[in-house]
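Undergrad: how would this look folded up:
(chains A and B)
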Amino acid sequence: AQSVTQLDSQVPVFEEAPVELRCNYSSSVSVYLFWYVQYPNQGLQLLLKYLSGSTLVKGINGFEAEFNKSQTSFHLRKPSVHISDTAEYFCATLSGGGADGLTFGKGTHLIIQP
Amino acid sequence: DSGVTQTPKHLITATGQRVTLRCSPRSGDLSVYWYQQSLDQGLQFLIQYYNGEERAKGNILERFSAQQFPDLHSELNLSSLELGDSALYFCASSVGDRGGWSYTFGSGTRLTVV
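TA: Modelled structure (predicted):
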């Protein structure tokens, strides 16, 4: 079964600083990777996804992620964070073909300090 | 508003009881997925229905069951509740039966078992 590992449970960063949230996945023939964000008391919102093609994926709210096959990573980055980015971020993977459910990492809590 | 409606938003019940959580998918979506988010287990896929038929099963306990009705809304039934069943239960929907890459999540039902 495919899996993802989020290496940091919490990441504190100052406002307007860059941030990287790390995610590693278990290697497989077909890899589909996602980043979701969960704001306090809300559901999950898709930030971006990698299905195939360009390894640099741009998402909403200024986030981007790079698929790195050799390092089996899919790290999320933002060049300058805002207070409103405070949230829980989840990396997820999907088995080939889109069937079954998403497998989520444990989540990374992004804490923006003023 | 994501278009996926979950009711109720909050539910408090006692151990041993049975509850029903409801999900109305986004208009036009035929698949409904249920997820559980708990402190211990994180986000876990429970079950998927597509156009009234069970399509995929994840880590769903035998005490839990689900169904999808002709109008495409779905219900998740949780019985013989235990303290450990306290969690946030999310529903997601997609157009097709292999829609893992195009989910829309609802805002969840928070279940507290006392």
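Undergrad: For the particular helix or strand that has residue A:75 in it, C-alpha coordinates in CSV please.
TA: According to DSSP states H and E, residue A:75 maps onto strand A:73-78. C-alpha atoms of strand A:73-78 as CSV (Å, rounded to 0.1, in the frame of the first residue of the first chain):
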residue,chain,number,x,y,z
SER,A,73,9.5,13.8,-2.2
PHE,A,74,6.7,16.3,-2.8
HIS,A,75,7.6,19.3,-0.7
LEU,A,76,5.2,22.2,-0.5
ARG,A,77,6.7,25.8,-0.6
LYS,A,78,5.5,29.3,-0.4
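Undergrad: I'd like to know how far residue A:102 sits from residue A:36.
TA: Using Cβ to Cβ, to the nearest Å, residue A:102 is found at 8 Å from residue A:36. The C-beta positions use only the backbone N, C-alpha and C, and glycine is treated the same way.
Undergrad: Mutual contacts of those two, please.
TA: Listed as contacting both residue A:102 and residue A:36 by Cβ atoms under 8 Å, 6 or more residues apart in numbering or on different chains are residue A:92.
Undergrad: distance of the residue nearest to the spatial centre of chain A from residue A:24?
TA: With distances taken as Cα atoms, centre = their mean, residue A:35 lies nearest the centre of chain A, 3.4 Å away. For residue A:35, the distance to residue A:24 equals 13 Å [Cβ to Cβ].
Undergrad: Are there residues contacting both of the two? Which ones?
TA: Contacts common to residue A:35 and residue A:24, judged by Cβ under 8 Å, 6+ apart, are residue A:74.
Undergrad: How far does stretch B:46-53 sit from its chain's centre?
TA: Between the centre of stretch B:46-53 and the centre of its chain there are 10 Å (Cα atoms, centre = their mean, to the nearest Å).
Undergrad: For it, buried residues please.
TA: Within stretch B:46-53, the residues that count as buried by 16 or more other Cβ atoms under 10 Å in any protein chain shown are B:46-50.
Undergrad: between the residues you listed, which is nearest chain A?
TA: Of all the buried residues of stretch B:46-53, residue B:48 has the smallest distance to chain A: 6.4 Å, by Cβ to the nearest Cβ.
Undergrad: need the contact list for that closest one.
TA: Applying Cβ under 8 Å, 6+ apart, we find residue B:48 in contact with A:100-101, B:31-34, B:54-57, B:97.
Undergrad: can you check residue A:15 too?
TA: With Cβ under 8 Å, 6+ apart, residue A:15 has these contacts: A:81-83, A:112-114.
Undergrad: Narrow the residues you listed to those that are buried.
TA: Buried among the contacts of residue A:15 (16+ other Cβ under 10 Å): A:81, A:112.
Undergrad: which stretch of helix or strand covers the closest residue to residue B:55 other than its chain neighbours?
TA: Closest residue in space to residue B:55, ignoring its immediate chain neighbours: residue B:48 at 4.7 Å, by Cβ to Cβ, 6 or more residues apart in numbering or on different chains. If you go by DSSP H and E, residue B:48 is part of strand B:42-50.
Undergrad: The helix or strand that that strand is followed by pairs with which strands, parallel or anti?
TA: Later in the chain than strand B:42-50, the nearest helix or strand by DSSP H and E is strand B:53-57. Using DSSP bridges, strand B:53-57 pairs in its sheet with strand B:42-50 (antiparallel).
Undergrad: what ranges of the chain fall below the confidence cut-off?
TA: As the question left the chain open, I've gone with chain A. A:29, A:95-99 (pLDDT under 70).
Undergrad: my question was about chain B
TA: B:98-101.
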